[in-house]
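**Q** Output the structure for:
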Amino acid sequence: KQIENDLAARQARLALVFRTGRPRSALPEGISYTHGAFWAYVPITTAAGEQIHGYAVYNEYSGDGVSLPRTNSYLHQDFPLDFIRASAVDDVAIIVPSPEMQRRILHIMASPTYAQLHVASYSLVANPLNARHQNCNEFMLDVIGSAAWETTDYDQIKANLRRHFRPTRVRANLFERVLGPIADERLRMDDQSGRIVTATYESMAAFMQEGGLGQESYILQR
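**A** Reported below is the predicted structural model:
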């Protein structure tokens with residue numbers, strides 16, 4: 001409710017919210033959050049059949065290894081409690097897009113383009129400049145790119161991101177890089193070249209601010 005009230009006070013119809021499911025001590029240097037999702041203010045039907053307005057959460061999740069392989073992902077809509085109950089820390093990071101970008105992103109989310117931008121092949125540290133794999137942050141970045149450049153051409157979105165987006169470098173030594181895929185099958189490196197890079201709250205906030213796509217970005221403490 002604190003997050004919802006904060007977004008409502010800023011009149012945000014749509015925001016990007018990030019949490020971490022692991023303690024910060026267990027995260028690579030330079031990465032503070034492990035999962036991001038769109039929070040959209042939309043009509044919601046309650047269990048009693050009543051329709052109200054509130055924030056719904058639109059995620060990309062990796063498979064559970066039973067109904068879907070862990071190296072595949074799926075799109076899923078749930079709610080703020082589902083999102084925040086998995087957090088291991090007492091803060092979230094938030095990006096509020098500009099009003100025009102909010103409008104464009106919501107338009108995409110209500111269209112077939114939203115699902116078309118999803119890449120089912122999943123990697124924990126997907127390279128956002130490469131189309132081979134995707135994670136939750138890269139999915140959001142691809143949607144943002146589609147909205148910013150007003151195109152549904154995935155190859156064009158990736159080409160534009162290679163020119164304008166500076167990804168976050170994941171600092172991992174050779175031992176971690178070689179043994180990582182053995183420890184977690186979702187940690188795939190075949191879309192990386194040289195340095196390991198991925199999309200994070202920090203790099204996405206910088207991209208949106210520098211491109212005039214964001215209204216504000218900030219950390220919300222509980």
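
**Q** and the closest residue in space to Thr152 that isn't next to it in sequence, how many residues sit next to it?
**A** Taking Cβ to Cβ, 6 or more residues apart in numbering as the measure, Thr152 lies nearest to Thr113, with 5.0 Å between them; neighbours along the chain are not counted. Any C-beta I mention is one placed from the backbone N, CA and C, and that applies to glycine too. Using other Cβ atoms under 10 Å, Thr113 has 16 neighbouring residues.

**Q** ok, now the one 10 residues further on?
**A** Using other Cβ under 10 Å as the criterion, Ser123 is surrounded by 26 other residues.

**Q** so who does it touch?
**A** The contact partners of Ser123, by Cβ atoms under 8 Å, 6 or more residues apart in numbering, come to Thr71, His133, Gln134, Asn135, Arg186, Leu187, Arg188, Met189, Asp191.

**Q** Please identify the one among those residues that lies nearest to Phe83.
**A** Nearest to Phe83 out of the contacts of Ser123 is Asn135 (Cβ to Cβ; 15.8 Å).

**Q** Following the helix or strand that contains Ser146 in sequence, what is the next regular element?
**A** Taking DSSP states H and E as the definition, Ser146 sits inside helix 136-149. Toward the C-terminus, helix 136-149 is succeeded by helix 154-164 as the next helix or strand (DSSP H and E).

**Q** if you go through the chain in chain order, where are the strands?
**A** 14-19, 35-45, 51-62, 73-78, 91-97, 168-170, 196-198, 214-221 (DSSP state E).

**Q** how far is the second one from where the chain is centred?
**A** Pointing back at strand 35-45 there. 13 Å (Cα atoms, centre = their mean, to the nearest Å).

**Q** Buried ones in that strand, by neighbour count?
**A** His35, Gly36, Ala37, Phe38, Trp39, Ala40, Tyr41, Val42 (16 or more other Cβ atoms under 10 Å).

**Q** Dump the contacts of Ser123 to JSON lines, plus neighbour count.
**A** Output for the contacts of Ser123, formatted as JSON lines (neighbours: other Cβ atoms under 10 Å):
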{"residue": "Thr71", "neighbour count": "18"}
{"residue": "His133", "neighbour count": "24"}
{"residue": "Gln134", "neighbour count": "25"}
{"residue": "Asn135", "neighbour count": "26"}
{"residue": "Arg186", "neighbour count": "22"}
{"residue": "Leu187", "neighbour count": "18"}
{"residue": "Arg188", "neighbour count": "20"}
{"residue": "Met189", "neighbour count": "16"}
{"residue": "Asp191", "neighbour count": "20"}
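
**Q** okay, the strands of the chain in a markdown table with mean pLDDT and distance to Val119 next?
**A** Putting these into a markdown table (pLDDT from 0 to 100; distance: least, Cβ to Cβ, whole Å) gives the following:
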| stretch | mean pLDDT | distance to Val119 |
| --- | --- | --- |
| strand 14-19 | 98 | 18 |
| strand 35-45 | 94 | 16 |
| strand 51-62 | 95 | 9 |
| strand 73-78 | 97 | 8 |
| strand 91-97 | 98 | 21 |
| strand 168-170 | 91 | 19 |
| strand 196-198 | 92 | 14 |
| strand 214-221 | 97 | 24 |
